[in-house]
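S.K.: build the 3D model from these lines:
(one chain, ligands or ions: 1)
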Amino acid sequence: MKKEDKIKEAESKNIILTGMRPTGVLHLGHYFGVVPEILRMQKIADTLLVMIADVHALTTLEDSANLKKNSLILANTYLASGIDPEKSIIFTQSQVPEHAELSILLSMVSPVPMLELNPTYKEMREDHPKNNNLGLLAYPVMQAADILLYKATGVPIGKDQLPHLELAREIARRFNARVGKIFPVPKPLIQEETKKILSLQNPEKKMSKSHEEKSRISLLDSPDMIRSKFKVAVTDSETEIGFDEENKPAISNLLTIYSLFSGRSIAELEKEYEGKNYAVFKKDLAEVAVESLSPFHEKYKELEADPERVKSILRNGAQKAREIAAKTMAEVQEKVGFLDC
Ligand code: TRP
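M.R.: Purely as a prediction, here's the structure:
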């Protein structure tokens, strides 16, 4: 096959890579956001790679004690949500050393001033001045390596990850310009319609791991925790149950969550709860949430009880990933000019 044809063939395939740092239990924002998007990709991609970014987690994790635990939590969460190891390649980044190898080579085309402009880096440097390490600066270079190693054409991400993806694209272009075209420039796949899930305590903010515990429903919360968190969720000064994001952000957020869990439209819910009070609404919402999450919980518990099985799934995934990675690295080594001896 001619070189150009090879590149065309790679580009015409739909190779999708998604990744998350294992930093703890996921919450409803993920459950209704990134998770369904990944499941959709599992249906349409030629290859879907689902990566647990444990190396990236080290850029901010102060102690490593939690890393193993959190990596398993993320693997269990992906698998319990419907990632199927028969269809997709699920693996941990650290088990594929080619990620580190490619990162080093990509760093040669990544100007430091460009990386210093990365908004996430700027934030981190300000918030944790003691943690201003090279890994943090090189974070987007590593992320570019994650994507380019598999010649991924698309990356499903939330808006907050756009600057990282923009840098990955720039690094791909620079590397191609330096050694000859080898990488497709990956496209961000942003799902616009996904409803943002907001904090249960402050509907001005997104639901987030970094806010207080009762502000979010974590995917591993017990039914009673779910009930009590909805019970104490803040509401708006106006007591009418109706959807109005501007004036009634709290109840609008709860209506969104109710609608997503139940599959019923907001209008239908507004009608049902017309004239009823918040307490009744929240109680019903909690029950719908508990019931909807219960199949996930069950699958999760099964996986949690058998970590060896999960590790073997990850081991298989890493093996498949390494097969692709080795091919790319052979090409890269040739292109950059290393002797093949
Ligand atoms: N930076 C991503 C996050 O914090 C995680 C990540 C690492 C990633 N490598 C990636 C995401 C490659 C997409 C593609 O969520």
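S.K.: and the next helix or strand past the worst-scoring helix or strand of the chain on mean pLDDT?
M.R.: Across the helices and strands of the chain, the lowest-confidence element by mean pLDDT, DSSP states H and E is helix 3-12, at a mean of 62. For helix 3-12, the following helix or strand on the C-terminal side (DSSP states H and E) is strand 15-20.
S.K.: contacts made by that following strand with the rest, please.
M.R.: For strand 15-20, the surrounding residues in contact (Cβ atoms under 8 Å, 6 or more residues apart in numbering) are 34, 38, 41, 45-53, 56, 74, 93, 143, 146-147, 150-157, 186, 189. C-betas here are computed from N, CA, C, even on glycine.
S.K.: write the ChimeraX selection for whichever of these are buried.
M.R.: With 16 or more other Cβ atoms under 10 Å as the criterion, this ChimeraX line picks the buried residues out of the contacts of strand 15-20:
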select :34,38,41,45,47,48,49,50,51,52,53,56,74,93,143,146,147,150,151,152,153,154,155,156,157,186,189
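S.K.: just the contacts of strand 15-20: which are in helices?
M.R.: Val34, Ile38, Met41, His56, Leu74, Gln143, Asp146, Ile147 (DSSP state H).
S.K.: excluding chain neighbours, what is closest to the fifth one?
M.R.: Here the nearest residue to Leu74 in space, its sequence neighbours aside, is Pro22; by Cβ to Cβ, 6 or more residues apart in numbering that works out to 4.2 Å.
S.K.: using the three-state scheme, assign the one you found.
M.R.: coil (DSSP: H, G, I helix; E, B strand; the rest coil).
S.K.: begin at 462 from now on, thanks
M.R.: With 462 as the first residue, the last one maps to Pro483.
S.K.: for it, what are its contacts?
M.R.: Ile513, Ala514, Asp515, Ala518, Leu528, Asn531, Ser532, Ile534, Leu535.
S.K.: and it, how far from the ligand?
M.R.: 10 Å (Cβ to the nearest ligand atom, to the nearest Å).
S.K.: could you do Gly485 as well?
M.R.: Distance from Gly485 to the ligand, by Cβ to the nearest ligand atom: 12 Å.
S.K.: for Met502, same thing?
M.R.: Distance of Met502 to the ligand, computed by Cβ to the nearest ligand atom: 12 Å.
S.K.: look up the residues forming beta bridges with the closest residue to that residue other than its chain neighbours.
M.R.: Among residues not flanking Met502 along the chain, Ile477 sits closest, at 4.8 Å (Cβ to Cβ, 6+ apart). Here Ile477 sits in beta bridges with Leu509, Gly615, going by DSSP bridges.
S.K.: let me know the pLDDT of Ser698.
M.R.: Ser698 is assigned 81 on the pLDDT scale.
S.K.: so where do the strands sit in this protein?
M.R.: Taking DSSP state E as the test, the strands found in the chain are 476-481, 508-513, 550-553, 615-617, 648-650.
S.K.: give the pairing partners of the third one; include direction for each.
M.R.: Sheet partners assigned to strand 550-553 using DSSP bridges are listed as strand 508-513 (parallel).
S.K.: can you list contacts of the strand it pairs with?
M.R.: 474-481, 483, 499, 502-503, 532, 535-536, 539, 544, 548-554, 607, 611, 613, 775, 778, 782, 785.
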